[in-house]
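1. Using only what follows, build the 3D model:
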Amino acid sequence: MDKNRIKGAAKEVSGSIKEAAGKLTGNDQLRAEGAAEKVEGKIQAKVGKAKDAIKDALR
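-> Predicted coordinates:
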């Protein structure tokens, strides 16, 4: 498993937590940061998934 998949998933979870904390506290900046971090995590995880698929195809 590519390390980007793991890091992406962790970033996604962290972003979700920040987003929820921002919603609970009414902090729009924290909510937006969390949403952005969540998207970054999804992208990073997809990059890792693509790398894994390429590695598997080359075997």
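
2. any idea how far Asp56 is from the residue nearest the centre of the chain?
-> Taking Cα atoms, centre = their mean, the centroid of the chain lies closest to Gly41, which sits 1.5 Å from it. Gly41 is 23 Å from Asp56, where distance means Cβ to Cβ, to the nearest Å. Every C-beta, even on glycine, is put in place using the N, C-alpha and C of the backbone.

3. likewise Met1?
-> As defined by Cβ to Cβ, Met1 lies at a distance of 11 Å from Asp56.

4. ok so, going back, wait, what's in contact with the residue nearest to the centre of the chain?
-> Gly41 makes contact with 7-15 under the criterion Cβ atoms under 8 Å, 6 or more residues apart in numbering.

5. For the chain, which helix extends over the most residues?
-> In the chain, taking DSSP state H as the definition, the longest helix is helix 28-58.

6. For Val13, give me the pLDDT.
-> At Val13, the model reports a pLDDT of 97.
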